[in-house]
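Visitor: kindly generate the corresponding structure for this input.
(2 chains)
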Amino acid sequence: MEEVRLYKDQTLFGPTEKPDYFLGIVEGSVKVGNVVYGPGDILGFVEYFLEQPFVGEVKVEEDGVGKKYREEDVENEEIFKEVLRYALENLNSSIASIPTQEVVKDFEDTARVDALLELSSMDEAPLEAFDAIEDMMTLKKLPALPDDEEIAYDFVEKFEKEMDLLQYILYRIAFVKKFPENEHSQKFLLEVIDTYLEELGDRFGAKYAMMLFLLFYPDSPKVKDVLLKLIKVLRQSKNPEWFEYYERLVMLFPEVEVKLDEIT
Amino acid sequence: MRSLELPAGSVLIASRSYPDGVYVVKKGLVGLFDRLDRLIIVVYRDEIFGLESLYNMVTMYMVKTLTFVEMDMYDPQEFESTLDGEKRKNIMKQIAKWNWLSEKRYQMNTENRLNDILNELKNAAIDESYIDQIIVSLELNDALIFERIRREMT
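Guide: Next up, the predicted model:
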């Protein structure tokens, strides 16, 4: 254990830096992202032990004193008890503060969609996934379309963005859901993705439209483009899931050279 | 120390209660549930819960067995006397991981973790009502492992 001075505005760790110690604050305060930690707080033990980067910059807010701890320090009984107590309090308070049913449902749906995406080779997955994604995108009120494929296509194709951007998206998604095998469905879904990204700037909507595309059209020649876009969106929103899709991209298209800096 | 054998569905620690000791899982799966009765962490072989009893601290989660479980239970002082440097480090790593899981709801380093869980499942008589919750709470990155789990469990 090493005692250190903390100086106001000193950067302890950069936004994506993996800490090589964790810090007990004795005096002063330290800000991680938007959260301020004060005397008695121990920060970075999760990131340190799991070798994960901090999310956000770690900066000293007020001058003070801290104790740098490393793995070998917790072999000491006193330090172990101090850190464990804090870690348990932290664990319990994070469990206690799990928010409303809605947020919980969002987590569950995310996990469900991710799971189904992984199972996209299984016959029963896509439609169930569609429902889950539909829930998440709050698209429960998808418009009804004629049962006749050609009439429905004609109607959706002629529905212009200028008429109503949201309806434009909803009609296209409704068409894809109703006629996933139609030769125009891929094109409609790609248009939805582009509309979300370029006109609405809605990364959330775009993400799930892209997941739908990967679920329904895993063999499409456009999969590579969609994966690249999805990775970019996830990286921009600092979502660690990007790496899963990056792995998938590399596995599917080993010839592709991806420069990560170019997709951020 | 007492050795315990409990069927699936046994509640060991109620939410907002004081654990009466420290439990070390030997075999089977145990679940930590939040106040909405949602499974948040799957606990398995060699993992430890009830550490709050070392500090006379209240837990905010409920602990319930998901399968038939064998475990050892220690009085807090007795448990402390078994600790050496290595065990302390391992406990810190486990609690760090649980902190991560509870905050991020995302299982990490998980191929090993999943394989361990899967091995436990092979011989376990699992309560079917937990299957969906377990699937949701587990790492879902690896399609093969995920499918294996589903197959094992259904």
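Visitor: and the residue of chain A found nearest chain B, what does it touch?
Guide: In chain A, no residue comes nearer to chain B than A:Glu75, which is 3.1 Å away by Cβ to the nearest Cβ. Placement of C-beta: from N, CA and C, glycine included. Residues near A:Glu75 by Cβ atoms under 8 Å, 6 or more residues apart in numbering or on different chains: B:Asp84, B:Gly85, B:Glu86, B:Arg88, B:Lys89.
Visitor: for chain A, see how far away the second one is.
Guide: Note on B:Gly85: its distance to chain A, by Cβ to the nearest Cβ, to the nearest Å, is 3 Å.
Visitor: separation between A:Glu82 and A:Leu88?
Guide: From A:Glu82 over to A:Leu88 the distance is 11 Å, taken as Cβ to Cβ, to the nearest Å.
Visitor: ok, now A:Val74?
Guide: 14 Å.
Visitor: who has more neighbours, the two?
Guide: Between A:Val74 and A:Leu88, counted using other Cβ atoms under 10 Å in any protein chain shown, the more crowded position is A:Val74 (25 against 19).
Visitor: my read is that that one contacts A:Glu82, right?
Guide: No. Counting by Cβ atoms under 8 Å, A:Val74 sits too far from A:Glu82 to count as a contact (9.3 Å).
Visitor: rewinding a little: so which of the contacts of A:Glu75 sit within helices?
Guide: B:Gly85, B:Glu86, B:Arg88, B:Lys89 (DSSP state H).
Visitor: closest to chain A out of those residues?
Guide: Distances from chain A to the ones in helices among the contacts of A:Glu75, taken by Cβ to the nearest Cβ, are shortest for B:Gly85, at 3.1 Å.
Visitor: give me the neighbour count for the nearest residue to B:Pro19 once chain neighbours are set aside.
Guide: Excluding the flanking residues, the one nearest B:Pro19 by Cβ to Cβ, 6 or more residues apart in numbering or on different chains is B:Gly50, at 3.8 Å. Neighbour count for B:Gly50, taken as other Cβ under 10 Å: 22.
Visitor: residues contacting B:Gly50?
Guide: B:Leu12, B:Ile13, B:Pro19, B:Asp20, B:Gly21, B:Val22, B:Tyr23, B:Thr59, B:Val63, B:Met73.
Visitor: recalculate using a threshold of 6 Å.
Guide: B:Pro19, B:Gly21, B:Val22, B:Tyr23 (Cβ atoms under 6 Å, 6 or more residues apart in numbering or on different chains).
Visitor: who wins on neighbours among those residues?
Guide: When those are compared by neighbour count (other Cβ under 10 Å), B:Tyr23 ends up highest, at 26 neighbours.
Visitor: doesn't that residue lie inside a helix?
Guide: No. B:Tyr23 is assigned strand when assessed by DSSP: H, G, I helix; E, B strand; the rest coil, not a helix.
Visitor: and the residue lying closest to it once chain neighbours are set aside, how far is that from A:Glu77?
Guide: Closest residue in space to B:Tyr23, ignoring its immediate chain neighbours: B:Gly50 at 4.8 Å, by Cβ to Cβ, 6+ apart. Counting by Cβ to Cβ, the gap from B:Gly50 to A:Glu77 is 19 Å.
Visitor: A:His184 too?
Guide: Remark: distance between A:His184 and A:Glu77 (Cβ to Cβ) = 69 Å.
Visitor: again, but for A:Pro254
Guide: 52 Å.
Visitor: quick one, helices of chain B?
Guide: Using DSSP H, the helices assigned to chain B run over residues B:76-81, B:85-104, B:110-122, B:131-137, B:143-153.
Visitor: equivalent analysis for the stretch 101-250 of chain A, please.
Guide: A:101-118, A:125-136, A:149-158, A:165-178, A:185-194, A:203-216, A:223-236, A:242-252 (DSSP state H, counting those that start in this stretch).
Visitor: thought B:Arg88 was touching A:Phe80, still the case?
Guide: Yes. Using Cβ atoms under 6 Å, A:Phe80 is in contact with B:Arg88, at 4.4 Å.
Visitor: list the residues that contact both of these two?
Guide: Taking Cβ under 6 Å, 6+ apart as the contact rule, A:Phe80 and B:Arg88 both touch A:Val74.
Visitor: contacting residues around B:Ile40?
Guide: B:Leu32, B:Asp34, B:Ser102.
Visitor: of those, which is the most crowded?
Guide: Greatest neighbour count in the contacts of B:Ile40, by other Cβ under 10 Å, goes to B:Leu32: 25 neighbours.
Visitor: my read: it touches B:Val42, true?
Guide: No. With contact defined as Cβ under 6 Å, B:Leu32 and B:Val42 do not form a contacting pair (8.0 Å).
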